[in-house]
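Q: Sequence and predicted structure, then a few things I'm wondering about:
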Amino acid sequence: MHIDRKAQWVVRQSGLPTIVRRCPDCSSTRHHPSGKIRVNANGKLLDVWLLLSCDGCARTSKAPVHERVHVSALKPARREAYEANSPAMVCELAMSASLATKNGYRLDWAGTWALETDTPNPALDGPGPLTVRVAFELPALVRLERLLMLGLGLSRPGIRRLVAAGRVQLPVPVDGKVHQDFEFTVAGAAPAGLGRLVEAPRPVAQQVRQDMLALAAER
Ligand SMILES: [Zn+2]
């Protein structure tokens, strides 16, 4: 009997990404939001900046959010959040990939998240498939391989074997990155007699192929 199993993983937020850009005053490239948003009004035009603090020397710098935007172009709630230095708004701006691109800085997501699973180290050798839904609490760029290692409790070679055996279909290549909700399924282990696919890694097949090629070349 095949039993379909389901698991839910959540990428929980544990911090804000580091904003990576050059500091004019010291050798550090790491910045975090100071917690303040500056709004300057010039008639009906607004300038809005996210204020950043250098991790090395605490120098404050500004990252433009809006430049000479007409006041009517901003939703009142948004403008109020800017003016009140709303922590949620600071958080949103600090995590914004589009703001990072616009301002030419990089976001470093290391140490900003932790994986929470409802089934730690799930058994993968059963006959039924395991479907995993992954939800993101923050748009952190996460290496898929690392996520699978944490969630499935496997080593890097273990993950590579699973992928090489075709037992798992992934939304991006295993060495790629993910940042939003997705679902994947790990197929059940092959029936006895065929051997367990997870223990028949591709390198063996490759080795055989290489040996055959070497033999062919000798002839
Ligand atoms: Zn500095």
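A: Noted; the coordinates are in hand. It should be emphasised that the depicted structure is a prediction, and the values quoted were computed from it without experimental measurement.
Q: what's the span of stretch 71-80, first residue to last?
A: Using CA to CA, to the nearest Å, the span of stretch 71-80 from its first residue to its last is 11 Å.
Q: Residues of this protein that sit close to the ion?
A: C23, D25, C26, S28, C54, G56, C57, R59 (CB under 5 Å from the ion). Yep, even glycine has a C-beta here, placed from its N, CA and C like the rest.
Q: Helix, strand, or coil at the fourth one?
A: Put plainly, it is S28. Assigned by DSSP: H, G, I helix; E, B strand; the rest coil, the conformation of S28 is coil.
Q: May I see the buried residues of stretch 137-156?
A: Across stretch 137-156, burial judged by 16 or more other CB atoms under 10 Å covers 138-142, 144-145, 147-152, 154.
Q: Could I get the full set of strands for the protein?
A: Taking DSSP state E to define them, one finds strands in the chain at 5-13, 18-20, 30-42, 45-54, 60-70, 106-108, 113-117, 130-136, 142-143, 168-169, 177-178, 182-186.
Q: could I get the residues of the chain next to the ion as CSV with neighbour count?
A: Listed next are the residues of the chain next to the ion as CSV, based on neighbours: other CB atoms under 10 Å:
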residue, neighbour count
C23, 18
D25, 12
C26, 13
S28, 15
C54, 22
G56, 14
C57, 12
R59, 15
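Q: picking that back up, next, give me the two most distant ones among the buried residues of stretch 137-156.
A: Spatially, the most separated pair among the buried residues of stretch 137-156 is P139 and L154, at 25.6 Å (CB to CB).
Q: my guess is L144 contacts V172, does it?
A: Yes: the criterion here is CB atoms under 8 Å, and L144 meets it with V172 at 6.0 Å.
Q: joint contacts of the two?
A: V178 (CB atoms under 8 Å, 6 or more residues apart in numbering).
Q: tell me which helix or strand of the chain sits lowest on mean pLDDT?
A: Using mean pLDDT, DSSP states H and E, helix 202-218 stands out as the lowest-scoring helix or strand of the chain, at a mean of 47.
Q: can you put the buried residues of stretch 137-156 in TSV and add pLDDT and distance to V11?
A: Formatted as TSV, those follow (pLDDT from 0 to 100; distance: CB to CB, whole Å):
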residue	pLDDT	distance to V11
L138	95	7
P139	93	10
A140	95	6
L141	93	11
V142	95	6
L144	97	12
E145	97	14
L147	97	7
L148	97	12
M149	96	14
L150	96	10
G151	96	10
L152	95	15
L154	95	18
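Q: Narrow these to those in helices?
A: L144, E145, L147, L148, M149, L150, G151, L152 (DSSP state H).
Q: measure R143 to V178 for me?
A: 8 Å (CB to CB, to the nearest Å).
Q: Endpoints of stretch 40-57, how far apart?
A: OK, stretch 40-57 end separation, CA to CA: 26 Å.
Q: going forward, begin numbering at 53 instead of 1
A: Shifting the count to begin at 53 puts that one at stretch 92-109.
Q: contacts for it?
A: 70-71, 75, 77-80, 82-91, 111-124, 126, 131, 134, 142, 145-146, 151.
Q: out of the residues you listed, which are buried?
A: For those, buried by 16+ other CB under 10 Å: 70-71, 75, 83, 85-86, 89-91, 113, 115, 117-118, 126, 131, 134, 142, 145-146, 151.
Q: so what's T70 up against?
A: So T70 contacts R82, H83, H84, D107, L159, D160, A162 (CB under 8 Å, 6+ apart).
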